[in-house]
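>>> Pasting the sequence and the predicted model now:
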Amino acid sequence: MRYDLIVVGAGPAGCIAAITAARLGHSVLLIEKLAQIGAKLKATGGGRCNLTNTLPQEAFIERFGKEARFMRDALSAFDHERLIAFFEGIGVACHAPDGYRVFPVDHKATTVVAALERELERLHVTLLRRKRVTALLHDGACVHGVFCGEERFEADAVVIATGGLGYAQLGAEGDGYALAQSAGHSISTLYPAMMPLHVKESWVERCRADTISGVTIRIDLPKAKKITAKGDLIFTKNGIRGPVVLDVAREITPLLERYGEVPLLLNLTHGRNEEQIRAHIKAQNPHQSTLELLRTLLPPSLCEVMLELSNADETASFGKQAGIVRERLIGLLAWTPLHVSGHEGFAQAMITRGGVSLREIDPATLQSKKLRGLYFCGEVMDLDGPCGGYNLQWSFAGGALAGHLKHNIKDA
């Protein structure tokens, strides 16, 4: 019952850590509390599994914010090219149909999970399913294994790859945070991220039929005006969703807790500013109705909303509207206000913002600074990025680095 390494959690980070260590000749035990490995991985990208993206390393790192330098060692050793090569080496051909996002060629997350499972089996990694790690076995200086209830499993190293709190139905319950705390680690405040948002404006319900492409969202708070996101947006019965919302939600949830409501400004006209909107209007037929004019910029449902919000007469031409109405309408077309009032919490969150403090982990190895032989990788750490393959790439890169076991367990 003794191993060189025990990996806790068989998600993307845990599987790569186990495979990396096994390829280096270590005996590995992989413990997963669910019946299957990679449950959350199967749900990524709507089941299509956006594995990574093709951004250069520095541009990739920049998207993770001020703490992103922490990931530089992991990404230098295992960037998107190495990740693609890894998957092709285990039978998963990948491609980037848009030149940016990388998927398995068949766009099936189940293909990725099956390949990881085959490689674990080929390498003779011992996989225990339906086992929950309840405690670390350690002496205050070094880790020596784990407990699963009364069962004891010994090892020279332990990797915690348990993920965060998002998607509890897929096994995310925050087990790793308690394990980290038991080793003396600090956990930053945890927030749900990458999820739909609720807004207080009721008009959004009327616009559910249309996906708006190229939307820019800006947070309209003095200390957050530089936070923006761009992408497709979908209106829902009580809010907004879509890639652009998933990107910005990670910034909004902490602000929502602080302020109770977060004002947003949305550009729904493909980035046109007021001057460009005026130029567009000037180029149109001056005799058409304002409703017909708006339909050259927006879907019909949104046209009706803009007319109401600006108090414009839909039958009159733009030039016949009162000056104050024209200015209000142009302002709304450039930046439409919305107010975020809530969200569904971790039940709908794909990612957790927050986690094990990065100050207590060595970025060159991902080993704990508190307990020799203890490693972390993946979402359990306090580092998250936007949607588009960022978080999976970080999980895989972190798992590969942790799996190298750079504290040299053979000499421990």
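On my side now, so go ahead.

>>> what residue ranges in this structure score low on pLDDT?
Scanning the chain for pLDDT under 70 picks out 170-171, 407-412.

>>> Pull out the buried positions in stretch 9-22.
Neighbour-count burial for stretch 9-22, counted by 16 or more other C-beta atoms under 10 Å, picks out 9-22. The C-beta positions use only the backbone N, C-alpha and C, and glycine is treated the same way.

>>> Repeat that for stretch 75-87.
By 16+ other C-beta under 10 Å, the buried positions in stretch 75-87 come out as 75, 78-80, 82-84, 86-87.

>>> can you check stretch 169-184 too?
Residues 171-172, 174-177, 179-180, 183 are the ones in stretch 169-184 that count as buried (16+ other C-beta under 10 Å).

>>> now stretch 147-154
By neighbour count on 16+ other C-beta under 10 Å, the buried set for stretch 147-154 is 148, 153.

>>> try stretch 400-408
In stretch 400-408, counting by 16+ other C-beta under 10 Å, buried: 400-405, 407.

>>> Stretch 267-283 now?
Those would be 267-269, 272, 277, 281, for stretch 267-283 by 16+ other C-beta under 10 Å.

>>> and if you look at stretch 252-272?
With burial defined by 16+ other C-beta under 10 Å, the residues of stretch 252-272 counted as buried are 252-256, 262, 264-269, 272.

>>> for it, the distance to its chain's centre please.
18 Å (C-alpha atoms, centre = their mean, to the nearest Å).

>>> again, but for stretch 297-316
Relative to its chain's centre, stretch 297-316 lies at 35 Å (C-alpha atoms, centre = their mean).

>>> In the chain, mark out all the helices, start to finish.
Here the chain has its helices, by DSSP state H, at 12-23, 39-43, 57-62, 72-77, 80-89, 109-122, 175-182, 243-259, 274-283, 290-294, 300-310, 323-334, 390-402.

>>> Now for the nearest residue to Pro286 once chain neighbours are set aside, how many residues are close by?
Using C-beta to C-beta, 6 or more residues apart in numbering and skipping residues adjacent in sequence, the residue nearest Pro286 is Gly319, 5.8 Å away. Look at Gly319: counted by other C-beta atoms under 10 Å, it has 10 neighbours.

>>> Same question for Asn285.
10.

>>> any idea how far it lies from Ala229?
35 Å (C-beta to C-beta, to the nearest Å).

>>> before we move on, the earlier item: could the helices of the chain be laid out in CSV, adding distance to Ala161?
Listed next are these as CSV, based on distance: least, C-beta to C-beta, whole Å:
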stretch, distance to Ala161
helix 12-23, 3
helix 39-43, 12
helix 57-62, 21
helix 72-77, 13
helix 80-89, 16
helix 109-122, 13
helix 175-182, 8
helix 243-259, 21
helix 274-283, 48
helix 290-294, 51
helix 300-310, 43
helix 323-334, 45
helix 390-402, 6
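
>>> Quick check: which of those is nearest to Val133?
Across the helices of the chain, Val133 has its closest neighbour in helix 175-182 (6.8 Å, C-beta to C-beta).

>>> contacts for the closest one?
Residues outside helix 175-182 that contact it (C-beta atoms under 8 Å, 6 or more residues apart in numbering): 8-9, 33, 132-133, 135-136, 160-163, 187, 190, 355-356, 376, 380.

>>> Now the phi/psi pair for Glu344, please.
Backbone torsions for Glu344, taken as degrees, to the nearest 10, come to phi -90, psi 0.

>>> The closest residue to Gly99 other than its chain neighbours: neighbouring residues, count only.
Excluding the flanking residues, the one nearest Gly99 by C-beta to C-beta, 6+ apart is Thr54, at 6.8 Å. By other C-beta under 10 Å, 16 other residues sit near Thr54.

>>> Check whether Thr54 really touches Val102, as I assumed.
Yes. Contact criterion C-beta atoms under 8 Å: Thr54 and Val102 qualify, at 6.6 Å.

>>> and Asp362, backbone torsions?
Dihedral pair for Asp362: phi -80, psi 120, per degrees, to the nearest 10.

>>> So the nearest residue to it once chain neighbours are set aside versus Leu136, what's the distance?
In this structure, Asp362 finds its nearest non-sequential neighbour in Lys369, 6.0 Å apart by C-beta to C-beta, 6+ apart. Taking C-beta to C-beta as the measure, Lys369 falls 15 Å from Leu136.

>>> neighbour-wise, which of those two wins?
With neighbours defined as other C-beta under 10 Å, Lys369 and Leu136 compare such that Leu136 has more, 21 against 13.

>>> what about the more buried one, distance to Val380?
Applying C-beta to C-beta to Leu136 and Val380 gives a distance of 13 Å.

>>> on that earlier part again, okay, and the common contacts of Thr54 and Val102?
80, 96.

>>> Just confirm Arg295 contacts Cys303, I think it does.
Yes. Counting by C-beta under 8 Å, Arg295 touches Cys303, with 5.6 Å between them.

>>> Give me the more crowded residue out of these two.
Using other C-beta under 10 Å, the more surrounded residue of Arg295 and Cys303 is Cys303, with 20 against 14.

>>> got a list of what Arg161 touches?
Let me fix one detail, which is that residue 161 is Ala and not Arg. By C-beta under 8 Å, 6+ apart, the neighbours of Ala161 are 7-11, 13-14, 17, 176, 376-378, 380, 399, 402.

>>> go again using 10 Å as the cut-off
Shown in contact with Ala161 (C-beta atoms under 10 Å, 6 or more residues apart in numbering): 7-18, 30, 176, 375-381, 395, 398-399, 402-403.

>>> Setting aside sequence neighbours, what's the nearest residue to it?
Nearest residue to Ala161, sequence neighbours excluded (C-beta to C-beta, 6+ apart): Gly14, at 3.4 Å.

>>> same thing with Gln284?
Computed as C-beta to C-beta, 6+ apart, the closest residue to Gln284 that is not its neighbour in sequence is Leu293, at 5.6 Å.
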